[in-house]
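Would you be able to build a 3D model of this:
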Amino acid sequence: MNSDVEVEPGWIEAMVDLLENDSTIAACQPKMLAFHNKKMFEYAGAAGGWLDKYGYPFSKGRIFEVCEEDKGQYDQCEPIFWASGAALFIRAGVYHQMKGFDEYFFAHQEEIDLCWRIQLAGYKIYSCPSSRVYHVGGGTLPRGNSKKTFLNFRNNHIMLAKNLPAFQKLWKIPYRICLDWLSAFKELLTGDGGYFFAVIKAHFAFTKWLFFFKKRSLFPQSRNGKLSGYLSKNIIWQHFVKKKKLFSEIVSDTL
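Here you go, the predicted structure:
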């Protein structure tokens with residue numbers, strides 16, 4: 001748990017009950033609301049993390065920078081792709097079986113990488129909305145910080161290289177790099193040079209990882225599991241082009 005999280009009474013018991021009732025669930029997260037506006041979902045995990053086909057993370061209740069108001073719309077206890085590291089409840093045995101977090105990541109998306117490996121090993125990740133916590137957010141690195149941008153882009157590419165099937169790596173990673181460049185030039189044209197150079201730096205760092213540090217991150221891995229919380233569409237197209245702002249709008253035809 002992050003140090004900037006406030007909890008409600010009984011928040012642990014609800015998650016213990018969930019895991020004790022189903023041995024295939026390896027990890028879960030509570031409903032995560034904003035500390036300063038407790039009616040709103042919080043950016044870091046909201047009601048449970050998902051991933052799109054190109055590796056973009058989003059959450060039930062949070063699409064990119066858009067956080068929804070909590071109206072009970074995501075109160076179902078159900079499988080997700082990743083549980084937020086801000087308040088992650090995980091079986092110790094599975095954590096050690098998976099060799100824990102990838103230390104190379106340092107910060108940002110290390111919990112998504114771990115949850116991906118856990119699912120590939122045949123376990124499930126769940127949301128537990130009956131448990132609620134309130135997250136301040138941005139304590140390590142605030143949104144908009146160039147170091148945060150660098151880590152998010154670098155770690156996301158490393159995560160894809162580690163966990164995608166071999167054939168998908170060959171085309172999805174180059175496609176993602178092209179999308180990153182579009183995003184970087186868009187921000188450069190709006191005057192955000194820090195974002196632009198952070199993305200370029202992240203790509204060079206990813207290349208460096210491929211050639212010099214890859215063996216550090218290649219933990220023993222199984223591919224027997226089926227992925228939950230996976231969107232077989234491009235969330236950028238859904239959100240920015242088709243103007244879908246809500247999680248329920250984007251995934252309605254996949255549930």
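
can you give me the strands for the stretch 1-150 of the chain?
Using DSSP state E, counting those that start in this stretch, the strands assigned to the stretch 1-150 of the chain run over residues 5-7, 25-34, 49-52, 57-59, 62-63, 66-67, 79-80, 89-90, 124-135.

Now do the third one: everything it contacts.
Taking C-beta atoms under 8 Å, 6 or more residues apart in numbering as the criterion, the residues outside strand 49-52 that touch it are 29, 57-60, 80-84, 112, 115-116, 229-231, 233-235, 247, 251. C-beta here means a position set from N, CA and C on the backbone, and glycine is covered the same way.

List only buried entries from the residues you listed.
With neighbours counted by 16 or more other C-beta atoms under 10 Å, the contacts of strand 49-52 contain buried members at 29, 57-60, 80-84, 112, 115-116, 229-231, 234-235, 247, 251.

quick one, longest helix in this structure?
Using DSSP state H, we find that the single longest helix of the chain is helix 166-189.

List the residue ranges of the stretch 151-255 of the chain that fall below the pLDDT cut-off.
253-255 (pLDDT under 70).

just the helices in it please.
Along the stretch 151-255 of the chain, the segments classed as helices by DSSP state H, counting those that start in this stretch run 166-189, 193-208, 214-217, 235-236, 247-251.

I'd like to know how many residues surround residue 136.
Using other C-beta atoms under 10 Å as the criterion, residue 136 is surrounded by 16 other residues.

Not counting its neighbours along the chain, what's nearest it?
Excluding its sequence neighbours, the residue lying closest to residue 136 (C-beta to C-beta, 6 or more residues apart in numbering) is residue 4, at 3.8 Å.

ok, now how distant is the one you found from residue 42?
For residue 4, the distance to residue 42 equals 10 Å [C-beta to C-beta, to the nearest Å].

tell me the contacts of residue 31?
41, 46-47, 70, 74-75, 127-133.

what's near enough to touch residue 179?
Counting by C-beta under 8 Å, 6+ apart, residue 179 has contacts 54, 236.

whoops, I mixed them up, residue 203
For residue 203, the set of contacting residues under the criterion of C-beta under 8 Å, 6+ apart consists of 153, 154, 157, 177, 180.

The third one and residue 173 touch, don't they?
Spelled out, it's residue 157. Yes: contact criterion C-beta atoms under 8 Å: residue 157 and residue 173 qualify, at 6.4 Å.

higher neighbour count, the two?
When neighbours are counted by other C-beta under 10 Å, residue 157 and residue 173 differ, and residue 157 comes out ahead with 22 against 17.

Nearest spatial neighbour of the more buried one, chain-adjacent residues omitted?
Closest residue to residue 157 in three dimensions, ignoring its sequence neighbours and counting by C-beta to C-beta, 6+ apart: residue 206, at 4.3 Å.

For that neighbour, give its distance to residue 217.
Applying C-beta to C-beta to residue 206 and residue 217 gives a distance of 11 Å.
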